[in-house]
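K.L.:
Here is my input, please return the structure:
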Amino acid sequence: MNGLGLPSRELALRIALAARALPDTDAKRLIGVLNSCVDAAMTDSNIAAIGLDTLKNANNGEFAEVDDGVLQHALDILKNKVPEKILPQVQAYLEGEMPGSVRIACASDDAIHVNGHFGACAWFMVYQVSGDEARLIDIRTAEIPQGLVVDDKSVFRAEQIQDCKVLYVASIGGPAAAKVVKLGIHPMKLSEVEGIAEIITQLQGVIAGTPPPWLAKAMGIEASGRFRFGREAAG
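P.N.:
Numbers count the residues shown, from 1 in each chain. Just a heads-up that it's a prediction; the model follows:
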């Protein structure tokens, strides 16, 4: 999410590690092959969409002789699907630094996409988002500490993101969604897996334009302003 079409720090690190998993390959060579696999900027989502056959045949079959298992392992590293996942750096944030912003949580299993089920996702990626800025301010798990007795797992998980106003998930059951709403969090169930970067870009467009009243309220806009937004949307 750097807006320059360059790989993120985390993607660049995964490319370097994936290159080491391939025979006679360095990061420069792998980047050249990956560039031939994507039509646009080299982003996490574009890299995640690359299949084994595409990588094997890219750049005139540069990796055609590489064993499929080795090539798949390199792909898994690129897509952050290996056990030793690379997580993005959390950015510093002080309350009030981003006026007109909203705090969101994204349920993710790879730190790249919203692809997690509310009740089982690996992480909640917590972002502070305004119309022109987005910061990853925390990465939270909802693992129940050993020895702690929890009456309701869904409530426990929701409480980990109680400071967030919006939750993006790939899947959430009705009863769990009701418990999330009760804590003042607006659940957004996606119809398909989407990249976190793309979701934030979409949200920023809404924030900078005419946010719906519920979002305006979450952003701290006074009631009179929310009424104005409602009138604009109706018009």
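K.L.:
which of the residues in stretch 135-152 are buried?
P.N.:
Buried positions in stretch 135-152, judged by neighbour count with 16 or more other CB atoms under 10 Å: 135-139, 142. C-beta here means a position set from N, CA and C on the backbone, and glycine is covered the same way.
K.L.:
what helix or strand is the closest residue to residue 164 other than its chain neighbours on?
P.N.:
Take residue 164 and drop its neighbours on the chain: the residue closest to it by CB to CB, 6 or more residues apart in numbering is residue 105, 4.3 Å away. Using DSSP states H and E, residue 105 sits within strand 102-108.
K.L.:
so how far is that strand from its chain's centroid?
P.N.:
Centroid displacement of strand 102-108 relative to its chain, using CA atoms, centre = their mean, to the nearest Å, is 8 Å.
K.L.:
outside of that strand, which residues touch it?
P.N.:
Outside strand 102-108, the residues that touch it by CB atoms under 8 Å, 6 or more residues apart in numbering are 114-118, 121-130, 137, 140, 161, 163-170, 185, 196, 199-200, 203, 207, 215, 218-219.
K.L.:
which residues are contacting the helix or strand following that strand?
P.N.:
Once the chain leaves strand 102-108, the next helix or strand it forms, by DSSP H and E, is strand 113-114. The contact list for strand 113-114 (CB under 8 Å, 6+ apart) reads 44-45, 48, 106-108, 168-170, 190, 193-196, 199.
K.L.:
Provide the strand pairings for strand 113-114, with the direction of each partner.
P.N.:
Take DSSP bridges as the rule and strand 113-114 pairs in its sheet with strand 194-195 (antiparallel).
K.L.:
Tell me which residues are up against the strand it pairs with.
P.N.:
Under CB under 8 Å, 6+ apart, the answer for strand 194-195 is 43-45, 48, 112-114.
K.L.:
quick check, distance from it to the centre of its chain.
P.N.:
Distance, centroid of strand 194-195 to centroid of chain: 6 Å (CA atoms, centre = their mean).
K.L.:
This protein: helices as residue ranges?
P.N.:
Taking DSSP state H as the criterion, the chain contains helices spanning 9-21, 27-35, 44-48, 52-61, 68-78, 153-159, 174-182, 196-208, 213-218, 223-234.
K.L.:
per the record, what domains does the protein have?
P.N.:
The record's domain parsing of the chain by automatic domain parsing lists 9-78, 102-234.
K.L.:
now do the same end-to-end measure for the first one.
P.N.:
This stretch, domain 9-78, spans 13 Å end to end (CA to CA, to the nearest Å).
K.L.:
What of stretch 92-99?
P.N.:
Termini of stretch 92-99 sit 15 Å apart (CA to CA).
K.L.:
how about that stretch: buried residues?
P.N.:
93, 98.
K.L.:
what does that stretch rub up against?
P.N.:
Contacts of stretch 92-99 (CB under 8 Å, 6+ apart): 128, 130, 133, 135, 137, 220.
K.L.:
Let me see the mean pLDDT of that stretch.
P.N.:
Stretch 92-99 shows a mean pLDDT of 92.
K.L.:
between the strand holding residue 105 and helix 196-208, how big is the angle?
P.N.:
160 degrees (axes from the mean of the first three to the mean of the last three CA atoms, to 10 degrees).
K.L.:
what about this structure, any weak spots by pLDDT?
P.N.:
1-7, 222-235 (pLDDT under 70).
K.L.:
hmm, 80 instead?
P.N.:
Applying pLDDT under 80 to the chain picks out residues 1-8, 40-41, 218-235.
K.L.:
middle-most residue in it, spatially?
P.N.:
residue 196 (2.9 Å; CA atoms, centre = their mean).
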